[in-house]
Every structure is written in structure tokens, then in C-alpha cells.
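K.L.:
what would the 3D arrangement of this be:
(2 chains)
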There are 2 protein chains.
Amino acid sequence: MQFKNRTHTCGELREKNIGEKVVLNGWVSTRRDLGGVIFIDLRDRYGITQIIFEPNHNQETHNAAKELRGEYVISIEGVIEKRSEDTVNLSLTTGTIDVRADKLLILNKAITPPFLIQDNIDTNEETRLKYRFLDLRRAEMQKNLFLRHKMYQSVRSYFDENDFVEIETPVLMKSTPEGARDYLVPSRIHKGKFYALPQSPQTYKQLLMVSGFDKYYQIVKCFRDEDLRADRQPEFTQIDVEMSFVQQEDVFKVVEGLMKKLFKNVWNKELKTPLQKLTYSDAIEKYGSDKPDLRFGLEMVTLNNVFANTEFKVFNEQIANNGIITGLKIPGCGDYTRNQLDVLTEFVKKQGAGGLIWMRVKKEGLEAPVAKFFTQDEKQNLVKSLNARTGDLIFILTGPRLKTFSIMGSLRLEMARRLDLIKKDTPPSLIWVTDFPLLEWDEETNRYYAMHHPFTSPREEDLELLETSPGDVKAKAYDLVLNGNEIAGGSIRIHDSSVQSKMFKALGITKEEAELKFGFLLNALKYGAPPHGGIAFGFDRMVMLFTGSQSIREVIAFPKTSSAISLMDDSPSLVSDEQLNELHIKIKK
Amino acid sequence: MQFKNRTHTCGELREKNIGEKVVLNGWVSTRRDLGGVIFIDLRDRYGITQIIFEPNHNQETHNAAKELRGEYVISIEGVIEKRSEDTVNLSLTTGTIDVRADKLLILNKAITPPFLIQDNIDTNEETRLKYRFLDLRRAEMQKNLFLRHKMYQSVRSYFDENDFVEIETPVLMKSTPEGARDYLVPSRIHKGKFYALPQSPQTYKQLLMVSGFDKYYQIVKCFRDEDLRADRQPEFTQIDVEMSFVQQEDVFKVVEGLMKKLFKNVWNKELKTPLQKLTYSDAIEKYGSDKPDLRFGLEMVTLNNVFANTEFKVFNEQIANNGIITGLKIPGCGDYTRNQLDVLTEFVKKQGAGGLIWMRVKKEGLEAPVAKFFTQDEKQNLVKSLNARTGDLIFILTGPRLKTFSIMGSLRLEMARRLDLIKKDTPPSLIWVTDFPLLEWDEETNRYYAMHHPFTSPREEDLELLETSPGDVKAKAYDLVLNGNEIAGGSIRIHDSSVQSKMFKALGITKEEAELKFGFLLNALKYGAPPHGGIAFGFDRMVMLFTGSQSIREVIAFPKTSSAISLMDDSPSLVSDEQLNELHIKIKK
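P.N.:
Just a heads-up that it's a prediction; the model follows:
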């Protein structure tokens, strides 16, 4: 198709261009026919420029412009004019000029789109995903992807400047499910055999350290065939990093440098480093979460000491069973009504709590149904421990340790939401959570699982516990938490093949199984593996947080639904028998 | 593990550091025990530094150093000393100094590697691939991957500077096999349905143009389940580019800018642009290839005119059958022996030629078995057409057009090899090949296939031929050819849904099939698709050529064999019945 190259984009013309003859190409964003004069807002990725078609100026072009409809793709030639005072549009960067059209060429027509190409539409997400190619025309979606672009470049230039090597690792790899499910790819050449898509390039990046690459990074797609939660995708993007001859603090320094750069480049904010560190146990105890949001206070306080000798049966039973009593003070909410408190009691019950103990702090003492079970001392100590004042509200939960902390953590977040504690201008909170347990016990399968992954190094001082009391071993593992979201997780890895074998043993993986699945890595560790460690960032989530989006689907060009479907092209889809035959597989009846 | 952070890498210490106390971490590259003094070449990614352990200096450390073996990972502390004149090693950047060791810590031991960690080893490739983590320790492999890293960054910064947006497209997509085979991924959630891995993000990048992103790029993994040729991998890396509102020349300009930058950054060479353009038909006729190597001459000449009225039966039969007669002059080879010529005859016969006609150009005329069949005029015109001189050798092949040109093209390359026409300092040849046929006929399936892909735009002037004489339609398609290797291919795309439908029809794809496979794209073209076009580079091959490697496996960290196996981790591999059950598939007996 013959058409003229644009001389300018639709976002760049200004008053200084007045009088110039220009060619613009773009989409008809709006079209108004005002008593014979036709106004077009011409849109491209760079902006919007107003075009004017006047019958007196050029009858033929004006006639042609009558045909135009929304989303037509056109090329126009014309001259830049100053807008009259009353038509200046300061919401457009080009709002002081327009283009008087001499020529119009329709490059492509468009049928009526199923929704308007503008911000803040209330179209349901299914329709937006089915017509993603139109949804992505909307300025807010384009803004998200441009910011994502900027973040890719910032991340890469940071690692490049810091001597990291970008290395691509295979997408077709070995299936070694350990934790999440692998996506499998049948081999045509090798009947009955399968590749797996990487859940992460973990083993490869460790092998690259054995190879001496010293500092590696990659922005890479990873895959997990999990039942999707709201904010998960079957394929997701990871910033993958690994370093040799490092301790935990060295990884922190590199990551903090990156975050400093992103805070600056994206938010124009200075990030103060080193970042705050919180151990996993402190995070759980104070915030009921291993990814605490510290943009607000509301710190939980464990009250077992306060009630160590209580006669209140609910408490002393829990204390006897290694349970905990945790308290949360909500300043200034001592006037919450019974009704409000009932709603919050429902909230914690839904999460499995037996009930919610509440107390209003009054001038005359604690007002609560349970107050009568406590001694004067207990009441005083309670108020002291929580540093509570008249007018405050106190919540207490008791029960098994982890579960109870976690429910109180949810209540903490819920109260922050109700009290609107996180404002638009609240400074972001970025912290490290450290010293995770190495293993977690799974009741269902009756075995330990690696809390991070099976290559995470235990702390030296806990090495012996690995055989005697695996559940107590702490790992050299760390998470980076932004506003209550885990955005990266990593660890110092095991670089000693005998420790790696012990780890597999603790996980109930037999020697044979370890050899079959991870033999190449165990083998590699014997040929001179340096101490090494690293981290992986969930890039989609990072972009979501940096753009202020509500879902990772808003920052992924072509996402899938929560049932892993692409609504645009209807994948996954049926394939031909011929294809299946070639792959030596058939579908089970 | 407790160890000190390195103060320097093994590549950075110089004479100016003499007297400094340093910590180095690295691998024992070599170890020599010279009458009590132990010398270690300590290696890391950055270089090699010599470490000296002397019993007089530190008995304990010297004793510990006796334990060291090749590839042990160690940390040493010591002081930089000037080397004596006779021990200076100018082949090392650190060769004027060494480190007298005060402390030694073994960070990890190493068993004996299956091959030496050095350049130019003659170990077979299988062993190198099985122990890839050791193979990658070798300086030449590291150099390749560092250059690859540099090329990633150059490519990305180029596109970033030129307003291209980096956008990731899905890896789990719809299966639409058209040409090559898809790799399939069974869906667990949707029984009997499959995703496919992308052969290229072609449809997505076109949709991004429909979305108005205007300029897109991505460095992306693509997948083809093909029987592998020597230089193919099941997964490969592509630089994917697409632009809106462009003609062919606009794409050329952008690509030439990129190549200019790479020539400069990688080779420190100035690339002159615009690049030479050659039509597909010229390339085939003059060089017998659509990816001609123009680093040397040896241009083929079609001789049908010379022999238009010949009585030589072999020729006039071919002329009558639309066959061709092609000649190639080899300057100065008129003394080739019968034996040498027999070898070359064998060479062309193996490729399907009936035979090779050769003629020695002598002072007294053409010397050849066939000379007697030609008239004096024919001989004169032949010599004239080829601009042949005394002492030259002439080859002639005749037969069906494409096949015969192609065999002569191979002979051309073979002669260049034999005559050593491509020297180390021969300037590289980078050219465009243009005006490809849109379709090629496949005898086996009795249908046309898209020579590039089904979204390639025909030339406007050929549009009508699409229905009447599809084989004659030329495409707005182009390849970029470096030293006889296709490194990129692209086209202006069809942006009109009715033309796209015609194209599917020409390909014998029914309306229903087109709707089922590409409905989303056909649909998208109806909502205002801009004119657009793009290109995709084979990044692995580019890196291979820029590093001067012989195979793409030398520039991929973890490549697969030609039967698509990873020898390191033995994938593809068997998976558990449980995994297959969850995916609702079973292996065919």
C-alpha cells in the first residue's frame, strides 16, 4: 500500500511548528461534525493531534472525511495552525495547535469496537481479554507496558554495569517436580519421553556458578502448572540472579542497588539503604505474615507472659499446648459498636479462628465480656504490654502458633484497610525478611518440604540439626517484601555435595531418586563448586506494584484467565490426531 | 561457609598494587611444586593471578597448599610482589606481579575433570556437552558467552534508543502448525486440549501493531520440532521486530542502523550503508543461492542466449524444456588435471547433476571433450559472456532451473574453499535479498506453501495474480545475509483482512480452517490495522558469526544434540504415570 511516511508523531507538534506542512498517520479517536467542519482527534502511541477538515479549504478532502468512523486508520497531509484561544485544549500536549487537512488517505477501515478505546472503562475483563488487541490500544494499558519496558531496560543496564553476564538457559529441560507441577512437552523423536518447562532456571544458574561465570542474570519466563490463584499466571517472568563467592549481605547490597535505581527511575523516589531486616520469626510474631506490610504500624504483641499463670481456661489450655496468645491494639477505636465487632469476629472466624476477644480501653478500666476472667495484674500488664490508652480497642486471639499469628495478621491488614491507613502518598515499605525455616512439615504427605527449594543452604550452626531435628533448621534464605508483597526470594545455596545429599535425605528423597533427578547437579558440585547464592524477582508483580495496578494481568500484554485460558485465541485447543500420533501419545478416555 | 570477600578479581592486579594486602577467590588452574616453593595459577572469570606459597614465608600455609589439586576452589590472602625479570609472563595481564600467600582456605575440593580446562581441546563434543558445566569454564567458551552478553545489550540499547517497546509475548499459545511442527504442551485443567510453544511470535507482534504499539522488539525463545540439521536447535533465540506505518525501506533503515552498531561494537568495523540489494532471482541466477556469499566473486552466467540455436543435444533439450545452462569461470585454474576435474564432477553428481561440463581456456582455444559440439560462434560468445582469459577454467551445468543454479552455487562455494578465497581479513559481506516469491509449490502435498509465512504481503502489482497465477506472485519479503548465512528474514505484512483471506485461499486453507486457526488475527485486521512490517533475526547464528564459531552450539550455554537431547541432564526423560494421568494422556503402545 502506498502512503507517505509520517513527518511527525501525533504527540509531538507544538506552536513552534505552526505553518509547517506535515504528514500524520494514526487512528481516528473521535470525530465531530460541527456544521460542516469536521474535527478528528488523530491518535497514535505518542499522543493525540486535532485535524480539521473544512469544505472551504478543500472540498474533496472534506467529503472524504465524512466517511471516517472511530478507529479508522488514516494518513493525512496538512498545515499546522494555531488554535484560537477558545479552542485551546490544555489536557493535550498538542492542544494549542491543529492541522488543517489538505489530503486524506484511508489506510484501513474499522468495524465498531466492542468497547470504547478510553481509560476507566467498566467493560468486563472477559471481553477485554477476548479483544486484547483493542484493550491494549487504551492509554492506561499502553502506559503500563511502556513502564514495563522502562523497567526491563533499567534492570538490564543495572546488572550490565555491575559486571553481571546475561545468559539464556533452556526452556526445554528435565522434569524434576519438587513442589509445584511441571508443564510437560512430549518428545517426538524419543517416544514416551518428555521435556518439562522450567519452574525456574535454578539448577542451570547454579551450574553457571560451577562454570565460573561469577555473576549471572536473566529476565526469563518460568512456568508452573498450579491451580491458579487470582494473581498467578501459568507463565510468569522472573529476574533471575546468581553470584559466586558471596554471603547473604553481598546479595543484599546488589539487590538494594537495583531497587534504589528502580525507585529513582520509576517513582523518582530516593530509597534509603541498607534496608530494614526482619527475621521470619519476628515477622510472623509482630505482623502475622512472612511478607509484612510496614507502611503502617499496628504491631502485634505476644501475651503468653502476661497470662502465664492465668486462670482463664481458654488461655491456659493454649499455653499448655504450645499455643500462643497474641494481642493487637487499634488506637482510637474504643468506640467500636457491638455490631462492628461482630463483623470483625466473623472475619476471623472465616479464617479458622475460634472467636475474637475484644476489649475497649475505658478511663475506668477494660470493658469486655471476658474482663471478669482476668486478675487486676493481668489487666494492668496487658495494657502495659500493648501500650494501650483510653479510647483504644484491643483484640486478642489464641490458638496454635502459626495459624493464630496469621489470622491476627489478616485482621491487622483488614483494620488498616478500614481505617484507611495507607494513603496515596504513604511512603512505600521495602524490607528484607531473613532466617526462614529450611523445611516445612506437610501433614498430608507426612514429609518435609523445602520452604524455598532443595538447594537452599542451612545456616552453618544448624547443620547438625538437619539429621536430628530438621524442623528447627534455619536457612540462609531471604525474601524482599514491598508493601506487603513478596517481590523476590533467594538464598545462599548448598555448594557442598555432601550437604546436598543430607538435604535430599531430610526431604525423604532417596539416593536413587536424587541421582535420577538431580544427578547432574550433585555431580557438578564435586568438580569445584564455589560458594554461591542468588535471588529471583517476580517481575510481573514488581511491575504491577510500580504501576499501581490491581492485578498482574494489567501489566502483561497477553495474559491468561485464572483457568489458564487465552480468551483471544482460545488456547489451549484441540489438536489433530496426526499431531498426537507423531508425539506417540493419546488422550485418555 | 565463612570466608573473606575478595578484594580484587584474578584479572585486575598490576604493578601499581605492589605491596598491597589482598584476598583472592578462585579456581586452581595449575599447580607446580618447584623444590619446595608451590606456584598456583589462580583463575576466575576475569583472569589468572600467580600465587606463591613459600615454606620460609609461612610454613603452615605452605603445608596446606600441598593438598591443592586442579580445579580446587580456594580463598587466599597475601601481599602483591613484583615478579623478577625472568619470571614475568607477558601473556597474562597480571603477569608482572604475583601474590605471596599468607593464608589459604579451601572452599571446595574437586575431583579430576574428564578434560583439561583450557582452549583448543580435542575432547569429543558428547563429553563436552555431558560436562557442560566444566566445558563452560574454558576461556574460549566464556569469551563466546561474554560476547553474546554484549550483543544482547547492544541490540536492546539500539532498539530502546529508537523508541521501540520491548513486550513479552506468550510461550503457551495456540497450535497453528503451518510449515514446521509445533511442540505441544498438554493442559491439565482442560482435558484433551493442548498449548503449543511459539515457532515465532508472528501473530502476537502483528496484534501489537493493531494495538498501536508502533514499534516493538523482543529477544525471545522460539521452538520448532523439526528433524534437526547440523546447525539447528529445537529452541532458538530470535530478535523479533515489528513496525507500523512503514514500507520495506523503513525496515531496512532500522536494521542497517542495528548492524552498523554491532559491526562497530563487536568487530570495531565501519559498516557502509545503505547495504547492497539483490533480488531473489538475481541471487539465484548469479550465485545459485538465496543467501549468496559475496565475500568473493565467481559470478555465475546464464548461457541460454549463447546456445539458443545450438545443435548440442544436451543443451537444446534443456532449452526446449525451460531448463537453463549456467556457466562459471574459475580464473587461473586452466591447469586443473583430469583427476581434479573428476573429483569436482563427483561433487556435482552427488548433488544431483547429470554431469559437469568443463573447458580449459587455452591460447589456441577451448580445450574440452565437449568442445567439438560447439560452433566457432558459440565458443566465442561463451568466452565473451564469461569474460574468460587464457588460463581460466570454465564449468557449465545444464538442467532444470532452480536445481541447476543451486548445484552451480554449491560448486561456486566449493571452489572458493579450494582456492582459499576467503581469508581471515576478507571484509564481511552483508546484503539484502529482496522480492522473494510469495509461494512455493510442494510436489508432495500438491499445494502451495508460503515461502516466508502466510502473513506476508504480496506486491501490489501482483495482487491479481494471486488468484490466476499464484506461483508468479512476488512478496514484499526480504532476507538479510551475512557471509552467505541468512541472519534475518522479514516482510511487509498483509494488513487488509480481505487480502489475508485471499492468501489463505491460495494456500488451500479453507475458510473454516482459517477461522479456526487464525480467526483472532483475521478479526483483529477488521478493527483498524495499520500497514506494518518487520523482521526476525536468528540470534544464535548471528552470535556464531560474530564470534567466528563453527557451530551455534558454541554460543549457547546449554545446547541440545542433533537428536534434541540434553546430554548433561538426560532430557527428555521418562516421567511418572501420576504426571501423565494428571494430564489425561497416555503413551501409545
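K.L.:
tell me the bridge partners for A:R31.
P.N.:
Following DSSP bridges, A:R31 is listed with bridge partners A:I40.
K.L.:
contact partners for it?
P.N.:
A:38-41, A:68-70 (C-beta atoms under 8 Å, 6 or more residues apart in numbering or on different chains). All C-beta spots, glycine's among them, are computed from the backbone N, C-alpha and C.
K.L.:
return the distance of it relative to A:R43.
P.N.:
Plainly put, A:R31 is 11 Å away from A:R43 if you go by C-beta to C-beta, to the nearest Å.
K.L.:
quick one: which of the contacts of A:R31 has the most company?
P.N.:
A:I40 (27 neighbours; other C-beta atoms under 10 Å in any protein chain shown).
K.L.:
shouldn't that residue be in contact with A:V28?
P.N.:
Yes - counting by C-beta atoms under 8 Å, A:I40 does reach A:V28; the two are 5.6 Å apart.
K.L.:
what touches both of those two?
P.N.:
Shared contacts of A:I40 and A:V28 (C-beta under 8 Å, 6+ apart): A:68, A:74.
K.L.:
now the helices for the stretch 401-550 of chain A?
P.N.:
With helices called from DSSP state H, counting those that start in this stretch, the stretch 401-550 of chain A shows them at A:401-418, A:465-468, A:497-506, A:511-524, A:539-547.
K.L.:
okay, the contacts of A:R31 in JSON lines with pLDDT next?
P.N.:
Output for the contacts of A:R31, formatted as JSON lines (pLDDT from 0 to 100):
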{"residue": "A:I38", "pLDDT": "97"}
{"residue": "A:F39", "pLDDT": "96"}
{"residue": "A:I40", "pLDDT": "97"}
{"residue": "A:D41", "pLDDT": "97"}
{"residue": "A:L68", "pLDDT": "97"}
{"residue": "A:R69", "pLDDT": "96"}
{"residue": "A:G70", "pLDDT": "96"}
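K.L.:
any bit of the longest helix along chain A sitting next to chain B?
P.N.:
Among the elements of type helix in chain A, defined by DSSP state H, the one spanning the most residues is helix A:139-161. Yes - judged by C-beta under 8 Å from any C-beta of the partner chain, helix A:139-161 comes into contact with chain B through A:142, A:145-146, A:148-149, A:152-153, A:156-157, A:160.
K.L.:
tell me the one of those residues nearest A:A368?
P.N.:
Checking these against A:A368 with C-beta to C-beta, the nearest one is A:R148 at 50.1 Å.
K.L.:
if you skip the residues just before and after it, what's nearest to that closest one?
P.N.:
Excluding the flanking residues, the one nearest A:R148 by C-beta to C-beta, 6 or more residues apart in numbering or on different chains is A:V543, at 4.8 Å.
K.L.:
next one, pLDDT for that neighbour please.
P.N.:
pLDDT for A:V543: 98.
K.L.:
could you count how many residues lie near it?
P.N.:
If you count neighbours by other C-beta under 10 Å, A:V543 ends up with 24.
K.L.:
list the contacts for it?
P.N.:
So A:V543 contacts A:144, A:147-148, A:151, A:549, A:552, A:555 (C-beta under 8 Å, 6+ apart).
K.L.:
same list, those, but as JSON lines with pLDDT please.
P.N.:
Formatted as JSON lines, those follow (pLDDT from 0 to 100):
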{"residue": "A:N144", "pLDDT": "98"}
{"residue": "A:L147", "pLDDT": "98"}
{"residue": "A:R148", "pLDDT": "98"}
{"residue": "A:M151", "pLDDT": "98"}
{"residue": "A:S549", "pLDDT": "95"}
{"residue": "A:I552", "pLDDT": "96"}
{"residue": "A:V555", "pLDDT": "98"}
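K.L.:
closest one of these to A:R229?
P.N.:
Among those, A:I552 lies closest to A:R229 (C-beta to C-beta), at 10.9 Å.
K.L.:
assumed A:C222 was part of a strand.
P.N.:
Yes - looking at A:C222 with DSSP: H, G, I helix; E, B strand; the rest coil, it is inside a strand.
K.L.:
and it, how far is that from B:V99?
P.N.:
The gap separating A:C222 from B:V99 is 41 Å, by C-beta to C-beta.
K.L.:
the more surrounded of the two?
P.N.:
Between A:C222 and B:V99, counted using other C-beta under 10 Å, B:V99 has the larger neighbour count: 28 against 22.
K.L.:
any idea how many residues pack against the residue lying closest to that one once chain neighbours are set aside?
P.N.:
The shortest distance from B:V99 to any non-neighbouring residue, by C-beta to C-beta, 6+ apart, is to B:G78 (4.2 Å). Residues lying near B:G78 (other C-beta under 10 Å) number 23.
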